[in-house]
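Colleague: After the sequence you'll find the predicted model.
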Amino acid sequence: MSEAIIAVKGEGAGVSRCIIYGNDGGEVDFLNGIYSIHYYEDLLEDCVRATIILVDSVGTIKGTTALDGLPIVGQEKVELTINDNNNNAKSVVLFVNSVKPYFNDTNRQMITLDLVSKEYIINEQVRVRTRYDGKISDHIDKILKDVIKTQKKINLEQTINTYNFLGNNKKPFYTCRWLSKKSVPTTGGGLGKTAGFFFYEVGDTIVNGSKEEKGFYYKSIDTLMKQEHKVKLMFNTTVDKRGEKVPAGYDGKVVSYNVETAGSGNVTERMKLGLYNTKIVTFDPFNCFYKVTNQQADDDSYEKGGKKLPKLNDKDFTFNKGTGNQGPTKTSYFLIDTGTMPTGNTKQQIGKSQEPNLDYSNVVNYSTMRYNNLFSSKVEMTIPGTFKLSVGDTVFVDSPKIEDVKNPDVNQQHGGKYLISRLCHYVDQRNTYTVMDLVRESVERKA
């Protein structure tokens with residue numbers, strides 16, 4: 001079990017480094033001029049980003065403000081380190097993407113800087129143009145190293161399937177996300193059982209004075225859900241008293257807690273996304289072969305955070321009697337690319353001329369359903385700032401069951417393991433919080 005999260009706000013936390021380097025030279029240390037910082041990581045974003053509100057006074061540099069004297073126009077390098085109450089920190093190098101006014105008077109102003117990773121800006125300057133053959137995970141590695149030319153650590157999970165393609169002058173990060181929907185992990189059920197990866201970035205973390213290099217990640221949904229939880233948290237209304245009332249067996253308490261279960265969303269909208277039943281229609285122009293494949297979510301097909309998928313109404317909405325099948329609610333159409341871009345010499349290419357480049361029925365069909373299922377149950381949570389947690393980690397959460405007893409049991413329907421899909425570390429002059437969006441595809445708490 002990890003160290004306890006001290007349930008107090010702001011004490012000993014804050015910012016230890018914030019230096020802005022001008023594009024024409026010069027630098028400004030804004031350590032004492034920070035009003036607030038929002039630092040973001042997201043499974044659905046390519047890079048980390050941050051928003052800083054600064055007090056920019058006359059005399060900051062060259063007798064004027066940093067906005068005018070440095071000046072700040074965009075692409076300025078920013079070294080940023082923020083700290084929590086547990087001897088953990090996030091240390092990142094970001095670049096100014098936009099500058100916005102926040103407040104102005106005659107001798108000072110407040111400005112908002114939107115900061116992004118260096119690779120986020122480079123992504124707009126380069127394109128994927130060459131041909132790629134082989135494993136999809138190898139393509140991701142080559143794109144990051146050869147096109148983006150990142151110096152950050154690359155954490156790749158190997159894919160079991162291959163896919164050959166031409167870059168077609170697409171942006172690198174677009175290509176990585178496009179490939180993630182076609183990727184199947186080597187672990188788990190394998191081809192025909194699961195699919196779907198996430199491409200995202202995590203900022204470097206300092207834990208107890210030791211720096212942990214993070215970087216870019218390419219991980220399957222199954223692998224992320226299988227990992228052990230980083231912390232175990234409890235939400236209740238008991239007064240905390242500086243962490244002294246954290247229940248035994250838990251690492252800390254939750255400040256605010258909002259549950260959006262699999263049943264609280266719009267049923268028809270979820271059906272349009274194909275959460276639990278999809279259909280894919282494939283046509284092979286090589287031999288005019290036409291195939292329809294139905295895929296229904298199965299409790300045994302992949303790793304889940306909870307015990308089981310939500311129970312559907314098989315009595316009133318079953319169309320194939322005796323099967324419990326409610327029928328597909330999302331249909332996708334694909335042309336099978338038989339014989340396109342085979343590898344090898346001329347003889348080898350002729351031998352592969354009747355092989356498809358990608359098995360759409362067993363890959364795209366599964367990844368579509370897997371992505372949408374994962375976000376069907378959500379928890380929005382705020383805890384005292386702890387920078388040891390990052391997007392892509394899992395946490396275990398419990399809350400009391402709503403019942404008419406003095407000492408209620410834990411809620412068995414909502415609690416359990418969740419995946420952090422989005423995370424924001426918030427720091428101002430007095431407070432340090434971590435706000436998280438947690439997701440999973442299933443219901444009921446696993447012990």
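Modeller: Yep, it's here. Keep in mind the model is a prediction, meaning the values are calculated, not measured. Numbers count the residues shown, from 1 in each chain.
Colleague: Domain map for the chain?
Modeller: If you go by automatic domain parsing, the domain ranges for the chain are 14-119, 267-373.
Colleague: how about CSV for the ones you listed, with mean pLDDT, mean neighbour count and distance to residue 231 added?
Modeller: For every residue, glycine as well, the C-beta is placed using N, CA and C. Shown next, in CSV, are the domains of the chain (pLDDT from 0 to 100; neighbours: other Cβ atoms under 10 Å; distance: least, Cβ to Cβ, whole Å):
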stretch, mean pLDDT, mean neighbour count, distance to residue 231
domain 14-119, 90, 18, 11
domain 267-373, 77, 16, 15
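Colleague: Please identify which of those is closest to residue 250.
Modeller: Evaluated over the domains of the chain, closeness to residue 250 peaks at domain 14-119, with 14.9 Å, by Cβ to Cβ.
Colleague: Which one, of the domains of the chain, ends up nearest to residue 161?
Modeller: Going by Cβ to Cβ, the one of the domains of the chain nearest residue 161 is domain 267-373, 6.6 Å.
Colleague: so which of the domains of the chain comes closest to residue 191?
Modeller: Relative to residue 191, the nearest member of these by Cβ to Cβ is domain 267-373, separated by 5.5 Å.
Colleague: Return the distance of that closest one from the chain's centre.
Modeller: The gap between the average C-alpha position of domain 267-373 and the chain average comes to 24 Å, counting by Cα atoms, centre = their mean, to the nearest Å.
Colleague: tell me, which strand in this protein spans the most residues?
Modeller: strand 88-104 (DSSP state E).
Colleague: Am I right that residue 39 is in contact with residue 82?
Modeller: Yes. Shown here, residue 39 and residue 82 form a contact pair, counting by Cβ atoms under 8 Å, at 6.3 Å.
Colleague: Turn the domains of the chain into CSV, columns for distance to residue 421.
Modeller: As requested, the domains of the chain are exported to CSV (distance: least, Cβ to Cβ, whole Å):
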stretch, distance to residue 421
domain 14-119, 5
domain 267-373, 11
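Colleague: between those, which one is nearest to residue 201?
Modeller: Distances from residue 201 to each of the domains of the chain were compared using Cβ to Cβ; the shortest belongs to domain 14-119, at 4.7 Å.
Colleague: and that closest one, how far apart are its ends?
Modeller: Using Cα to Cα, to the nearest Å, the end-to-end distance of domain 14-119 comes out at 26 Å.
Colleague: Do you have the helices of the stretch 1-150 of the chain handy? List them.
Modeller: Secondary structure of the stretch 1-150 of the chain (DSSP state H, counting those that start in this stretch): helices located at 66-69, 118-122, 136-142.
Colleague: Please name every helix or strand in contact with the shortest one.
Modeller: Packed against helix 66-69, as judged by 3 or more Cβ pairs under 8 Å, 6 or more residues apart in numbering; DSSP states H and E, are the following elements: strand 49-57.
Colleague: got a list of contacts for the strand it packs on?
Modeller: Outside strand 49-57, the residues within contact range by Cβ atoms under 8 Å, 6 or more residues apart in numbering are 18, 30, 33-40, 65-67, 78, 80, 92, 94, 97, 102, 107-117, 120.
Colleague: how far off strand 88-104 does that strand point, in degrees?
Modeller: Taking axes from the mean of the first three to the mean of the last three Cα atoms, to 10 degrees, one finds strand 49-57 and strand 88-104 inclined to each other by 50 degrees.
Colleague: Kindly reformat the helices of the stretch 1-150 of the chain as TSV containing distance to residue 197.
Modeller: Below are those laid out as TSV (distance: least, Cβ to Cβ, whole Å):
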stretch	distance to residue 197
helix 66-69	41
helix 118-122	18
helix 136-142	8
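Colleague: out of those helices, nearest to residue 248?
Modeller: In terms of Cβ to Cβ, the element of those nearest to residue 248 is helix 136-142, at 42.3 Å.
Colleague: then that closest one to CSV, C-alphas only?
Modeller: C-alpha atoms of helix 136-142 as CSV (Å, rounded to 0.1, in the frame of the first residue of the first chain):
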residue,chain,number,x,y,z
ILE,A,136,1.7,-1.5,-35.5
SER,A,137,3.6,-0.9,-32.2
ASP,A,138,6.8,-0.6,-34.3
HIS,A,139,5.1,2.0,-36.5
ILE,A,140,4.3,4.1,-33.4
ASP,A,141,8.0,3.9,-32.2
LYS,A,142,9.3,5.0,-35.7
